[in-house]
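> Sequence isn't available, so here's the structure alone:
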């Protein structure tokens, strides 16, 4: 590559998958990458652009002018083109769009830009095959032939009436097997699962997973077919959501990964750490409040980590279970009351077992008398109940507020549980030990 | 349903998707569910069986005898049939297989049972269309027609030579558009991404996501085509893996959900809580070791939660980032050394900022002198570094040992970090304050 031998580059990339070329480009210096990139066929370059990681993509785009970007974006499928344009500011976006040459394509892309990025409308593509129910196989195959260049993958042909309303679907398999004069109306399936444009991408993913669909038609409020979503886009959605949940749970505030810069990583991690620190300082103030009692029974300090850690663990367990069942929303969810009751039973059972175990261990090994052991185990039991309640309620409340419920398993809740746990522990101690 | 009116049930289920019927059945009492189930068409019943949740499935299967199960399993696609048989003990499995009627299908299922459940071989199906490269379109379409009943979804036709070795693929779209006398050899694509039977299902999922595939052929070590995996199975794999990771992170040991019984939930949660408790007890013993110093400077106890919580938070952040990059294994991973170095930089930066912040706050609000504030902030800084190191190393080590690295963000590591943090804190305190 250093030799900048164009034909050699083209030859060696011939037949290599675009996803792999994208990975290779990420390893090059920016100058080299841009050089190689410009040397490629426009369509291939556009395909590679889609596969690049966000960071590299931003850098590559910065090196190019609007005309160049416009010609690349025009080569993409409408959904990828809209995603790409969403990376730019309003002004840049309009600059790029003004350089488009294909007005039909421009109209499609403009339509997609209207939708929210996280909805079915935002992830759908305008490339799909639609057939009128009165068409014959010959007409349908001609339409497929006409569209074949635009539509890369065909899973199903969507059947519409004269007003473009979705009636059903017919699989490509059936078309292959049907006689030439068969009418669409005779072979299409009228039970077709579709989604509305405004539906959340996570819900679309769940529907496609549930019904094993490889593509799903998107309709507007008048049931007019406006696009389709293919399963490869859904795989990305599912992965994104899983990563977001994991980051929410571990207190990382942005979508970062190990390969980001030190500054970006620090920025993403510091806020939640600071929340933890502030919680810790509040905890310190709180324990300080009981200093007199603590100096009389120093052993109280020994079990602080036991109490806070257990509260944290129980809280995370409870909230994860709730987050998980929120994610796979079933139509037949148990009522809130029933869920709380069950959570309470589990917490009671866990709490009793753990408290008894701790009581025994404290009596055996720390010999401060059974009264002291009682303090620790009663506090532990109360903390298990409280943390379990908090862990169940918080994700449900967050979800109702439209916030990612996975945050409930993150540092915020752990910090809150720490403080609650300390409060319970010292209150129990003060009252039972008369401090 | 109470009226047990068969024809009414059949009618009302007509046209309802099997996944929805399965959800409905889960809501019924077992007797009712079994009754409805037996009233259905064998093929529909088999489809529903696949969609049932594990718990209900186990109960339904217990109510049926081998002959009944065998006839249901025979209606399924080979991959689902094998999954179903894997739920039984060796003996029961053979009983069921002995009741199979279709010997060709039996052979397919037996072959699939040989593979490990989590590998490409374990999730692939034997239903796919294979075409010899010398065939014409007419021959190919005849083969599709012959197989149409068995193969529900056709994405690509796989092209093989006379020894059944995989040569390439041809999309159904191309077949629709090709003339009748075109030969497969003239239109197939010879660049086809395939996986080996032994490949891990998680890797298969990543390959299919990366290359946007809707199905992937599976070959054995001699490149002979043995099956295919479709993307709907992969959606389940991805969801399963995400749930497993989340449960590992939150310290739940089995694959449970909110709807499981109280006993099952307690069993899944108790082990990790006990580990946390044992860690807490060890921590108590550890702090007890410094009792003399602690009784002189009670304020030391105030900052125990601050130290342990920060260690936990930093550890979880670091390990989640590593887990995430392990999951999306790139070919061009940074070397271990480079990753540690970068992790160290981020930890240093975070550590310095947090330590300075805490130093200021302790001096301002807790007025125990700058020396005491120094103890807390130096300990905090060391804990951030240590926890970050532990959080980076643990998932990598677990991954090398073939254990789910997400466990590294769970209660075990938090407990270990708590103990480490306490050790650092008290050692720093003892040496700086001459206790």
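Happy to help now that I have it. Since the structure is predicted, the reported quantities are computational estimates derived from the model, not experimental observations.
> give me every residue that touches the residue nearest the centre of chain A.
Taking CA atoms, centre = their mean, the centroid of chain A lies closest to residue A:241, which sits 1.4 Å from it. Neighbouring residues of residue A:241 by CB atoms under 8 Å, 6 or more residues apart in numbering or on different chains: A:202, A:205, A:327. Glycine gets a C-beta too; all of them are placed from N, C-alpha and C.
> same thing but 6 Å
Contacts for residue A:241 were tallied using CB atoms under 6 Å, 6 or more residues apart in numbering or on different chains; they are residue A:202.
> so it is in which element?
In this assignment (DSSP states H and E), residue A:241 forms part of helix A:231-250.
> Buried residues of that helix, list them for me.
Using 16 or more other CB atoms under 10 Å in any protein chain shown as the test for burial, helix A:231-250 gives A:231-235, A:237-239, A:241-250.
> Please apply the same query to stretch A:127-137.
A:127, A:128, A:129, A:130, A:131, A:132, A:133, A:135, A:136, A:137.
> My understanding was that the first one contacts residue A:76; is that so?
I take that to be residue A:127. No - assessed by CB atoms under 6 Å, residue A:127 is found out of contact with residue A:76, at 10.2 Å.
> What is the burial count for the residue in the stretch 301-435 of chain A that chain B sits nearest to?
Per CB to the nearest CB, residue A:306 is where the stretch 301-435 of chain A lies closest to chain B, at 2.7 Å. Neighbourhood size, residue A:306 [other CB atoms under 10 Å in any protein chain shown]: 29.
> so the helix or strand harbouring it versus helix B:304-327, what angle?
Using DSSP H and E, residue A:306 falls within helix A:304-327. Per axes from the mean of the first three to the mean of the last three CA atoms, to 10 degrees, the angle that helix A:304-327 makes with helix B:304-327 is 40 degrees.
> Following element in sequence after helix A:304-327, please.
Next along the chain after helix A:304-327, taking DSSP H and E as the criterion, comes helix A:336-366.
> what's that following helix packed up against?
Applying 3 or more CB pairs under 6 Å, 6 or more residues apart in numbering or on different chains; DSSP states H and E, we find helix A:336-366 packed against helix A:369-400, helix B:262-289.
> Can you say which of those helices is packed in most?
Scoring those by mean neighbour count under mean count of other CB atoms under 10 Å in any protein chain shown gives helix A:369-400 as the most buried, with a mean of 21.
> is any part of it close to chain B?
No - using CB under 6 Å from any CB of the partner chain, helix A:369-400 never reaches chain B; the gap is at least 8.1 Å.
> could you check the angle helix A:336-366 makes with that helix?
Using the same axes, to 10 degrees: helix A:369-400 against helix A:336-366 is 150 degrees.
> Poorly predicted segments of chain A, please.
Along chain A, segments meeting pLDDT under 70 span A:1-15, A:254, A:328-335, A:367-368.
> my guess is residue A:317 meets residue B:247, correct?
No - using CB under 6 Å, residue A:317 makes no contact with residue B:247, being 8.9 Å away.
> so which strand or helix has residue A:218?
strand A:215-219.
> what about residue A:299, how many neighbours?
The number of residues near residue A:299, taken as other CB under 10 Å, comes to 21.
> Over to residue A:352?
Neighbours of residue A:352 (other CB under 10 Å): 13.
> so how far is residue A:358 from it?
Using CB to CB, to the nearest Å, residue A:352 is found at 11 Å from residue A:358.
> Also residue A:231?
Per CB to CB, residue A:231 is found 50 Å from residue A:358.
> And residue A:19, by the same measure?
Following CB to CB, the distance that separates residue A:19 from residue A:358 is 53 Å.
> Tell me which of those two has more neighbours.
It is residue A:358, of residue A:19 and residue A:358, that has more neighbours when counted by other CB under 10 Å, with 26 against 18.
> Just give the nearest non-adjacent residue to that one, would you?
Nearest in space to residue A:358, with sequence neighbours left out and distances taken as CB to CB, 6 or more residues apart in numbering or on different chains, is residue A:377 at 4.9 Å.
> I figured the one you found hits residue A:356, correct?
No - contact criterion CB under 6 Å: residue A:377 and residue A:356 do not qualify, at 7.2 Å.
> Compute the inter-axis angle for the strand holding residue A:218 and helix A:231-250.
90 degrees.
> hmm, strand A:215-219 in reach of chain B?
No - using CB under 6 Å from any CB, strand A:215-219 stays clear of chain B, coming no nearer than 8.6 Å.
> same deal with stretch A:248-257?
Yes - on the criterion CB under 6 Å from any CB, stretch A:248-257 is in touch with chain B at A:249, A:250, A:251, A:252, A:257.
> Am I right that residue A:257 sits in a helix?
No - going by DSSP: H, G, I helix; E, B strand; the rest coil, the assignment for residue A:257 is coil, not a helix.
> Torsion angles phi and psi at it?
Main-chain dihedrals, residue A:257, degrees, to the nearest 10: phi -140, psi 170.
> What residues does it make contact with?
By CB under 6 Å, 6+ apart, residue A:257 lies in contact with B:324, B:325.
> quick one on the thing from earlier: now distance to residue A:301 too, for the helices and strands packed on helix A:336-366, in JSON lines please.
JSON lines is the format used below for the helices and strands packed on helix A:336-366 (distance: least, CB to CB, whole Å):
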{"stretch": "helix A:369-400", "distance to residue A:301": "12"}
{"stretch": "helix B:262-289", "distance to residue A:301": "6"}
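> among those helices, which is nearest residue B:382?
Among the helices and strands packed on helix A:336-366, the nearest to residue B:382 by CB to CB is helix B:262-289 (16.1 Å).
> The residue lying closest to residue A:17 once chain neighbours are set aside: how many residues sit nearby?
In space, residue A:17 comes closest to residue B:211 once its chain neighbours are excluded; the distance is 6.0 Å by CB to CB, 6+ apart. When neighbours are defined as other CB under 10 Å, residue B:211 has 15 of them.
> repeat for the one 4 residues further on
The criterion is other CB under 10 Å. On that basis, residue B:215 has 21 neighbouring residues.
> and it, what are its bridge partners?
Beta bridges link residue B:215 to residue B:230 when assigned by DSSP bridges.
> isn't it right next to residue B:230, touching?
Yes - when contacts are counted by CB under 6 Å, residue B:215 is listed as touching residue B:230 (4.7 Å).
> can you list the domain ranges for chain A.
The record, using automatic domain parsing to delimit domains, assigns chain A the ranges A:6-115, A:130-231, A:251-432.
> now the longest one: how far from the chain's centre is it?
Right, domain A:251-432. On the basis of CA atoms, centre = their mean, to the nearest Å, domain A:251-432 sits 26 Å off its chain's mean C-alpha point.
> tell me which residues of the host helix or strand of residue A:419 are tucked away?
Using DSSP H and E, residue A:419 maps to helix A:411-432. Neighbour counts over helix A:411-432 (16+ other CB under 10 Å) mark A:411-426, A:428-429 as buried.
> wait, residue A:323 sits on residue A:396?
No - in this structure residue A:323 lies outside contact range of residue A:396 using CB under 6 Å: 9.7 Å.
> how far off helix B:411-432 does the helix holding residue A:419 point, in degrees?
Going by the same axes, to 10 degrees, helix A:411-432 makes 70 degrees with helix B:411-432.
> can you list contacts of helix A:411-432?
So helix A:411-432 is contacted by A:251, A:272, A:276, A:279, A:283, A:286, A:290, A:293, A:300, A:307-308, A:311-312, A:315, A:375, A:378-379, A:382-383, A:386-387, A:394, B:305, B:309, B:313 (CB under 6 Å, 6+ apart).
> And stretch A:284-293, by the same measure?
Residues from elsewhere that reach stretch A:284-293 (CB under 6 Å, 6+ apart): A:422, A:426, A:430, A:435, B:298, B:302, B:303, B:306.
> Let me know the closest of those to residue A:88.
residue B:306 (43.9 Å).
> Not counting sequence-adjacent ones, nearest residue to the closest one?
residue A:280 (2.7 Å).
> Please report how far the one you found lies from residue B:371.
Applying CB to CB to residue A:280 and residue B:371 gives a distance of 20 Å.
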